[in-house]
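[1] A structural model of the following input is requested.
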Amino acid sequence: MKFLLKTLPGLGILILTILFADFVLRFVPSPVQYPPWHEIGDPASLVGIEIIPSTKTQEREPCLTANITTNSLDWRDKERTVKKPDSVTRIAVLGDSYIEGSQVNDDQTFTRQLEQMLPPGKFEVLNFGLSSIGTVQERILYEKLVKNYDPDIVIVAFYMNDVRNNDPVLEGGPGKNTPLAYLDENGQVIRFTSAGPFYGLRKWLRNNSTLFRLAKTAFGQLSGMISRPQVSTTVSSYPVAYLSYVPPTDSDWQRAWNTTEQTVLALKREIEPDRRFFLMLIPDIVEVAPDPAALVRKNYGVDPPPGFDVNYPRLRLTGFAEKNGIKVIDPQPELISYRKTHDLQFPYFSFTCDGHLSPLGLKLLAEKALTDINRQLRPESGRQ
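    Okay, here's the model as predicted:
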């Protein structure tokens, strides 16, 4: 009892110190100042990653600060209704962080800029972008959620790392340690990870405690420094996803490409003919560079592997789309033309510290999408 009485004051001081530090950190500009707006690994989520609803926060990187607002329906968008308003044409856009717009302000996202280019009050462009997912997860989202919004047009955005995202072995390695959900051969959703112990408590602390977020960030960076493998081979010196630029030579990448193509085809069959389906190809920074190989060498200190071709994913998917009657939005030629005309220097349409598209890049994507949708649907029944 005496020991308890002696320790109580010290314990009280410790608790007050922690609470004070947590309070002060809320006013110190840093990546942990604001609450997160993504939740990863929640077993209740549709695809393993979700957006936290009704959140106002900031995304901070050395070269940018983006103001982020999420709506009550769990998306990086302004408030919407599930029921489509009368006399409104709805465009639903699925994709990863490029569509979500993780590095730009709310009014600079692809969907918001596209909506602003359309006649006001007659169109809605809904943002179903979600960081880190691929085409397989986008199909799950469409089946389980997006189609309930009754869109007239569905745009599915493809980025080259989607090929890796679409395969649990490539995404998580032999142990399949990935939070993403996949589909088995019977079309049932399967997962390879669980939430783990004390998940609810950890989730609450991430959302409510700046001190916990700081400690978690510091631990993650320290663990990464300790466990980072020392490798110098070409393949392991640049992002694994860049192997999308090489024709597949092993069974894993052949399987991933086959899954990607069959998922795109499945989406077309599920969306059409009641709705219109477009596949939009989002170019990576190397795909708009004057010398992609030189850019790889500059960024990663190695030569690209044999067979490296930045046009391989684009040409493969456009050929597959043409064969299967899939409408494609391909902004790469327009972005390259714009770079040349305006003499843009590196990083072209991206940020100096981040490869995601800048507001200008997203604007050009929106302009191309608007042009292609109008051109490809003009002969049809007056939906546009």
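[2] show me where the protein has helices.
    Under the criterion DSSP state H, the chain contains helices at 2-25, 97-100, 110-117, 135-144, 162-165, 168-172, 199-208, 210-227, 251-271, 292-300, 312-323, 332-341, 359-377.
[3] not counting sequence-adjacent ones, nearest residue to N299?
    Nearest non-adjacent residue to N299, counting by CB to CB, 6 or more residues apart in numbering: Y238, 7.3 Å away. For glycine as for every other residue, the C-beta is placed from the backbone atoms N, C-alpha and C.
[4] distance of the one you found from F308?
    According to CB to CB, to the nearest Å, Y238 stands 10 Å off from F308.
[5] for the stretch 251-384 of the chain, give me the ranges with low pLDDT.
    379-384 (pLDDT under 70).
[6] make it 90
    By pLDDT under 90, the weakly predicted segments of the stretch 251-384 of the chain are 298-303, 305, 375-384.
[7] next: the stretch 101-250 of the chain.
    Along the stretch 101-250 of the chain, the parts satisfying pLDDT under 90 run over 102, 172-178, 185-187, 191-241, 249.
[8] rewinding a little: wait, which of the helices of the chain is closest to I282?
    helix 97-100 (5.0 Å; CB to CB).
[9] now the phi/psi pair for the closest residue to G172 other than its chain neighbours, please.
    With CB to CB, 6+ apart as the criterion, G172 has its nearest non-adjacent residue at 3.5 Å, and that residue is T178. Dihedral pair for T178: phi -130, psi 140, per degrees, to the nearest 10.
[10] residue contacts, T178?
    Neighbour list for T178: G48, P168, E171, G172, F192, T193 [criterion: CB atoms under 8 Å, 6 or more residues apart in numbering].
[11] what pairs with T57 across the strands?
    I68 (DSSP bridges).
[12] separation between it and L362?
    20 Å.
[13] neighbour count: the two, which is higher?
    L362 (25 against 16; other CB atoms under 10 Å).
[14] the more buried one contacts N105, correct?
    No - if you go by CB atoms under 8 Å, L362 and N105 don't touch, sitting 10.8 Å apart.
[15] and E79, how many neighbours?
    Neighbours of E79 (other CB under 10 Å): 10.
[16] would you check that it makes contact with N71?
    Yes - with contact taken as CB under 8 Å, E79 and N71 are classed as touching, separated by 4.9 Å.
[17] just give me the closest of the contacts of T178 to P347.
    Once CB to CB is applied, the member of the contacts of T178 that ends up nearest P347 is E171, at 26.1 Å.
[18] out of the contacts of T178, which are buried?
    Using 16 or more other CB atoms under 10 Å as the burial test, the contacts of T178 include G48, P168, E171, F192, T193 as buried.
[19] residues in contact with the fourth one?
    Translated: F192. So F192 contacts P168, G172, K176, N177, T178, Y182 (CB under 8 Å, 6+ apart).
[20] what's the spacing between it and Y149?
    F192 is 29 Å from Y149, by CB to CB.
[21] please report how far the residue nearest to G172 lies from K147.
    Counting by CB to CB, the gap from T178 to K147 is 25 Å.
[22] what does P179 give?
    P179 sits 24 Å away from K147, going by CB to CB.
[23] those two: which has the busier surroundings?
    Neighbour count, other CB under 10 Å: between P179 and K147, P179 has more, with 22 against 16.
[24] which residues are in contact with the residue nearest to that one when sequence neighbours are not counted?
    Among residues not flanking P179 along the chain, G48 sits closest, at 3.9 Å (CB to CB, 6+ apart). Taking CB under 8 Å, 6+ apart, we find G48 in contact with I40, G41, D42, Q137, T178, P179, L180, A181, R191, T193.
[25] mind doing that once more with 6 Å?
    P179, L180, A181 (CB atoms under 6 Å, 6 or more residues apart in numbering).
[26] nearest to A293, of those residues?
    In terms of CB to CB, no member of these lies closer to A293 than L180, at 30.8 Å.
[27] buried set for stretch 181-197?
    Under the neighbour-count criterion of 16+ other CB under 10 Å, stretch 181-197 has A181, Y182, L183, R191, F192, T193 buried.
[28] in a markdown table: those, plus distance to V24.
    Compiled in a markdown table, the buried residues of stretch 181-197 are given as follows (distance: CB to CB, whole Å):
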| residue | distance to V24 |
| --- | --- |
| A181 | 39 |
| Y182 | 43 |
| L183 | 46 |
| R191 | 39 |
| F192 | 40 |
| T193 | 35 |
